[in-house]
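In: The sequence and its predicted three-dimensional model are supplied below.
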Amino acid sequence: MSRKIRMGMVGGGPGAFIGEVHRKAAGIDGRIELVAGAFDIDSEKSFQMGKELCICPKRTYSDYKTMIQKELELDEDKRIDFVVVATPNNWHFPISRDFLEAGFNVMCEKPMTLNVEEARELKEVVEKTGKVFGLMHNYTGYPMVKLARDMVKQGDLGKILKIVVEYPQGWLIKPIENEGQKQAAWRTDPKQSGIAGAMGDIGTHAENLAEYITGLKITEMCADLTSFVEGRLLDDDGNCLLRFDNGARGVLQASQISAGRENGLAIWIYGETQSLEWHQEHPNQVKVRGIDKPEEIWSRGNGYVAAKSAAAARGSRLPSGHPEAFLEAFANNYKNFADTITCKLEGREPSELELDFPDVNDGLRGMIFIETVVKSGKNDDIKWVKFPQA
């Protein structure tokens, strides 16, 4: 295609963390350009953000509904190709639904909706409209995560027996939501965040990572959720036992009161013949261990990684030894998402590699996970809760 993919954004106004990440990541490969947005629920802040980003004043909007209306009034060769939804959770569903129904592709932050009912409805909208929908579970974008998935898929580990996944943070060890910290305020507010705190915010990343790498589905869970900070309405720590559809067992823990921890997402996968582990804070390596064999360390950017995993090779931009990490993982999801949109525009079918980004089905799985973990965690009389299938 002889032009860039045109992107709009809802959310990501002044002081927003994740919106800026999306903007930087989407621009890494030079194929996507931000041309419009409704950046804040406060219209003055939206126009301020538009000015800072050098967006045409006529395409900076006071609200997302006006954005839809005005973009549809433009000629097709001017209007946005997709919108990024980078708002608090309670806005994900209505904004995504309305843009899809208006004929726009959507990239949405996770979790996808506030509840399973909304998630099922959004899936129906995606299927009805035929538009491209992406969900930004960014950790699936790391090349070495893709390598781990392909190792499992190719049988290198044998049958998977056990999965251990954790995501410890410590930033909510104190009640900073009461001190004007914007991110903490909305993430600990049930009206904006939904029924789960740490489990909804980062536990869903752990769940998504486990299912993405192994290709297995959770079938049952036993959860324990706690709010350690006095007065906090949502969980800030959670621990789960898991059962998977092949008989494997698992342990998942997510915490935002683990003092001193930063973003320690990590996973260990144990098979009958080998095991592997990956750490988000050291993302360019996968460790592989066999029975009575020396430990192997696979490093991103090497030819042996490319030979093993075309997806890992596609997601690497730099030679080995040059770290690629958080922004590049976002960018890999954007690359595949944009390529899929391009395929649709050109009337051809996207390849398996181009379709390698989280979608509405992952979003529905995430919402089922949240509702199931809360159901299990709140009822001391229930040991195991079945995980409803999407």
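Out: Done, it's in.

In: Can you pull the phi/psi pair for the residue nearest in space to the middle of the chain?
Out: Closest to where the C-alpha atoms of the chain average out (CA atoms, centre = their mean) is H137, at 1.4 Å. Dihedral angles phi and psi of H137 (degrees, to the nearest 10) take the values phi -90, psi 90.

In: Show the contacting residues for it.
Out: Contact analysis of H137 by CB atoms under 8 Å, 6 or more residues apart in numbering lists 110, 204-205, 208-209, 212, 333, 358, 362, 366. Where you see a C-beta, it was placed from the backbone N, CA and C, and this is true even at glycine.

In: so which of those residues comes closest to Y167?
Out: For the contacts of H137, the closest approach to Y167 (CB to CB) belongs to H205, at 5.9 Å.

In: Tell me how far the longest helix along the chain lies from the chain's centre.
Out: Using DSSP state H, we find that the single longest helix of the chain is helix 326-346. Helix 326-346 sits 14 Å away from the centroid of its parent chain (CA atoms, centre = their mean, to the nearest Å).

In: go on, stretch 178-193?
Out: Its chain's C-alpha centre and that of stretch 178-193 lie 20 Å apart, by CA atoms, centre = their mean.

In: Over that stretch, what's the mean pLDDT, rounded is fine.
Out: Averaging pLDDT along stretch 178-193 gives 93.

In: which residues are contacting it?
Out: 15-17, 88-90, 171-172, 176-177, 197, 200-201, 232-234, 236.

In: E207 should be in a helix, yeah?
Out: Yes. Membership of E207 in a helix is supported by DSSP: H, G, I helix; E, B strand; the rest coil.

In: Could you report the neighbour count for it?
Out: Residues near E207, counting by other CB atoms under 10 Å, number 30.

In: try D75
Out: By other CB under 10 Å, neighbour count at D75 equals 6.

In: how much space between it and E101?
Out: Distance of D75 to E101, given as CB to CB, to the nearest Å: 20 Å.

In: tell me what the helix or strand just after the longest helix of the chain is packed against?
Out: With elements assigned by DSSP states H and E, the helix or strand that comes after helix 326-346 is helix 360-378. Judged by 3 or more CB pairs under 8 Å, 6 or more residues apart in numbering; DSSP states H and E, helix 360-378 is in contact with helix 116-129, strand 133-136, helix 204-214, strand 218-226, strand 237-244, strand 385-386.

In: ok, and what's touching the last one?
Out: The reference is to strand 385-386. Identification of contacts with strand 385-386 by CB under 8 Å, 6+ apart yields 219-223, 372, 375-376.

In: Many thanks, we can stop here.
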